[in-house]
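In: Show me how the following folds:
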Amino acid sequence: MKITSFTVGAALAASTAASAGAQELKYANWAPPTHTINAAQIEPLAKALAEGTDGAVTLRGFHGGELGAGPADQYVRVLQGTADMGWGLQGYTSSQFPKSLIAELPGALPLDAPGYKALWNAFDGNLKGEYPQTEVIALWGSEPNVLMMRDKEVHSPADLKGLKIRVAGSISAAAMEALGATPVQIPMTQVYNGLQTGLIDGVVSGASVLSDFKLNEVVGSVTTGPNLGRLAFFTVMNKSAYDGLSDKGKAALDAIKGEKISKMTEEAWIATANAALDAARKSDGTTVIDLDAAGSKPFDDALAGVTDAYVSKVGGEATLAAMRGE
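Out: Sure, this is the predicted structure:
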């Protein structure tokens, strides 16, 4: 295990501050400690707090659901104070985040548009009310969704007919139905077993899950190209815990929260996804199908109605315009 100068410095600072009322914040991470979230977000937040307060405020990650199993309950864990901070997916509790989920819609944003920027563009005027009693630390998007299949290859929507595809929430469920598949909503932590046993035929998500959740071991093909949307994520902090920080603690956190840490996190997600796709292309056990514009068009045409209907249903026209910077 490599011991960095920051690790040593932070430990010394924390030790020095222990007698001066040191405060340890708990970060609930339902994913394993090897997941991208740890190096991309938890560690930078911890570093910013420790350095900005001379070790008086530290942040400790509790990984693998140590503070409670189930990623769908992350917001409630923070709200109730089981954790001071935690991350989750808006799609797991879709009814709470109807306008935030516009960022996930197929075709709502160009494939190369930053999701974090879109979410923060719309935050103050459209989304803030969806995150009550918390301090929003980060909002970001995943890399564009792709189709990852157990033992089928998907070249056209017809190839999905009748197949069971794991989805993260209501947005991707509607998208898969429009393409002829049967959506199955299970937590990402159960997808490996679902693919391995044949409970599901595939999953729609960002390619980062190939490495973050070791799905590369059970995925036989990947299809990229169509604009299948993306996932949206949040990191929130218990409002009382935030208000209870010292002036130095608030200043340290305020300097990194918002777009800064969101951008860092999203860029790490994309880097993980790119590396995972590169590895898949080099693997003898995985076929990667990169559809061009013509090959993607039947998917995009079938999904256009899903996006239009959802935006109309939630009265999200202004939100979508704000996300697009219009």
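
In: so what's the residue most central in space within the chain up against?
Out: Closest to where the C-alpha atoms of the chain average out (Cα atoms, centre = their mean) is F233, at 3.9 Å. Residues near F233 by Cβ atoms under 8 Å, 6 or more residues apart in numbering: W87, G88, L89, Q90, A138, L139, W140, G141, S142, T265. Every C-beta, even on glycine, is put in place using the N, C-alpha and C of the backbone.

In: ok, which pair from those residues is furthest apart?
Out: Q90 and T265 (14.7 Å; Cβ to Cβ).

In: Top of the contacts of F233 by number of neighbours, please.
Out: Each of those was scored by neighbours using other Cβ atoms under 10 Å; the highest score is W140's, at 31 neighbours.

In: just for this structure, where's the confidence low?
Out: The chain contains residues with pLDDT under 70 at 1-21.

In: How are the helices of it distributed by residue range?
Out: Ranges of helices in the chain, per DSSP state H, are 5-17, 36-37, 43-52, 74-80, 115-122, 170-178, 191-197, 209-212, 239-243, 247-254, 259-282, 293-313, 317-323.

In: okay, the ones you listed in a markdown table with distance to S94 next?
Out: Below are the helices of the chain laid out as a markdown table (distance: least, Cβ to Cβ, whole Å):
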| stretch | distance to S94 |
| --- | --- |
| helix 5-17 | 38 |
| helix 36-37 | 21 |
| helix 43-52 | 27 |
| helix 74-80 | 12 |
| helix 115-122 | 16 |
| helix 170-178 | 4 |
| helix 191-197 | 18 |
| helix 209-212 | 19 |
| helix 239-243 | 23 |
| helix 247-254 | 29 |
| helix 259-282 | 21 |
| helix 293-313 | 10 |
| helix 317-323 | 15 |
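
In: Those: which one's closest to V146?
Out: helix 259-282 (8.0 Å).

In: What are the buried residues along the closest one?
Out: Judged by neighbour count using 16 or more other Cβ atoms under 10 Å, the buried positions of helix 259-282 are 259, 261-266, 268-270, 272-273, 276-277, 280.

In: Out of those, flag the one nearest to E130.
Out: Once Cβ to Cβ is applied, the member of the buried residues of helix 259-282 that ends up nearest E130 is S262, at 15.9 Å.

In: gap between that closest one and V306?
Out: Computed as Cβ to Cβ, to the nearest Å, the S262 to V306 distance reads 26 Å.

In: before we move on, back to that, L67 is nearest to which of the helices of the chain?
Out: Checking the helices of the chain against L67 by Cβ to Cβ gives helix 74-80 as the closest, at 6.2 Å.

In: Check what contacts that closest one and list those residues.
Out: Helix 74-80 has contacts (Cβ under 8 Å, 6+ apart) with 28, 30, 67-68, 83-88, 92-93, 96, 133-134, 234, 236-238.

In: Sort out for me which of the residues you listed are in strands.
Out: Filtering the contacts of helix 74-80 for membership in strands, criterion DSSP state E, returns A28, M85, G86, W87, G88, T134, F234, V236, M237, N238.

In: So A50 versus L105, what's the distance?
Out: Relative to L105, and taking Cβ to Cβ, A50 is found at 39 Å.

In: Have a look at these two and say which one is more surrounded.
Out: The neighbour count for A50 versus L105, taken as other Cβ under 10 Å, is higher for L105 (26 against 22).

In: Give me the neighbour count for the nearest residue to that one once chain neighbours are set aside.
Out: Excluding its sequence neighbours, the residue lying closest to L105 (Cβ to Cβ, 6 or more residues apart in numbering) is T307, at 4.4 Å. Residue crowding around T307 was assessed by other Cβ under 10 Å; the count is 23.
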